[in-house]
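Novice: Quick one, what's the 3D model for this:
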Amino acid sequence: MTPLTETVLFVFSLVALGYLAGLTFYLKPASGEGISEFAVNVAMPLLLFQTMVKSDFHGVTPWLLWGAYFAAVAITWAAGHLVITRIFGRDARAGIVGGVSSAYSNIVLLGAPFILGIFGANGFEVLSLLVSIHLPVMMMASIVLFEMFGRGSDEAVHPLRVVKSFLRRLFINPLIIGILAGLAWRLTGAPMPDLAERLVDTLADTAGPVALFAMGLSLRRFGISGNIGPALALSALKLFLMPALVLAFVWLLGLPPLTAKVAVVVAALPSGINSYLIAVQFNTGQALASNQMTLATASAVVTTSFWLTVVIHVFG
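Specialist: Have a look, this model is predicted:
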């Protein structure tokens, strides 16, 4: 077994252990929410804080990286919307859920430990640049679309309400707080006190395994309940179209090899819980989003290995 294959299996084995813990009721369903909250609200923000303070981002080209990645997001989102509305005959609000599900990578719970395991700290630096803008961009897109389609056709879109909602959600997000706090500390140039550094490092080191275990518990909680055809179609877009588009864009733009590989692998990750939460907010497509998330995550055991092989062949 190659080290790459072993790492992929290790990552998804932790997800599987979380799923089995929920399936066998070894852990109560409420435990999944608590573990996820710890991963997203404590461990992962501290990991991002640590990265912002300690990392050297020289040689990374964020504008080209962002352009390549989000061009693929826009195309895949549109494709998901069209598949749900034109092929499966659902309404525009369900189409938004389809678009989100096909383009929103599980960049935190699955992406962070996966990139750390495959590409190490240097790869996580590249991922951090994506995380820093991924959340705001996807959040803004979701809020705007909710304003357009989620409040009924008789209600006008209010730009000020959109901006206020976006800023409120952005600056209370623990991941954004972790990134901004790390950047602020970095700008001061002051060394971290030994005790503070030890606390941050200890909790940050738990982010990867805890996030993966929490991901498995979440999959058990949501499960599969119908909508298999649309969920499979959206999963195909997420796991094949989006990484293929990112691969084409990073190759055309000539991004550095590590940056290109991280971008493609992140694009190849399955959808996360955010697509389901947006479906809940719209009060439509909840089963579609949860089914797609479960099917895509199960399939990603194979598809991420495929894309890892491709990027290593293309970029070295």
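
Novice: Which residues belonging to the longest helix along the chain are considered buried?
Specialist: Ranked by number of residues, the top helix in the chain under DSSP state H is helix 111-149. In terms of neighbour count (16 or more other Cβ atoms under 10 Å), helix 111-149 has its buried residues at 111-119, 122-132, 134-135, 138-143, 145-149. (C-beta placed from N, C-alpha, C; glycine too.)

Novice: so where does the closest residue to Phe213 other than its chain neighbours fall, helix or strand?
Specialist: Among residues not flanking Phe213 along the chain, Gly18 sits closest, at 4.0 Å (Cβ to Cβ, 6 or more residues apart in numbering). In the assignment (DSSP states H and E), Gly18 maps to helix 3-23.

Novice: do the same with Ile176
Specialist: Per DSSP H and E: helix 174-188 holds Ile176.

Novice: How far away from the center of its chain is that helix?
Specialist: Distance of helix 174-188 from the chain centroid (Cα atoms, centre = their mean, to the nearest Å) equals 20 Å.

Novice: if you average pLDDT over that helix, what comes out?
Specialist: Average pLDDT, helix 174-188: 85.

Novice: Check stretch 96-109 too.
Specialist: Mean predicted confidence for stretch 96-109 is 87.

Novice: The chain should start at 269 in everything you say after this.
Specialist: In the new count, where the first residue is 269, that last one comes out as stretch 364-377.

Novice: Quick check: end-to-end length of it?
Specialist: 23 Å (Cα to Cα, to the nearest Å).

Novice: How many residues are close by Leu563?
Specialist: 23 (other Cβ atoms under 10 Å).

Novice: So which elements touch the helix or strand that the helix holding Ile444 is followed by?
Specialist: Counting by DSSP H and E, the next helix or strand C-terminal to helix 442-456 is helix 462-472. If you count contacts as 3 or more Cβ pairs under 8 Å, 6 or more residues apart in numbering; DSSP states H and E, helix 462-472 packs onto helix 312-322.

Novice: Return the set of buried residues in the helix it packs on.
Specialist: Under 16+ other Cβ under 10 Å, the buried positions of helix 312-322 are 312-321.

Novice: for stretch 343-362, same thing?
Specialist: Those would be 343-345, 347-349, 351-353, 356, 358, 360-362, for stretch 343-362 by 16+ other Cβ under 10 Å.

Novice: If we only consider those residues, which is nearest to Phe293?
Specialist: Ala362 (32.5 Å; Cβ to Cβ).
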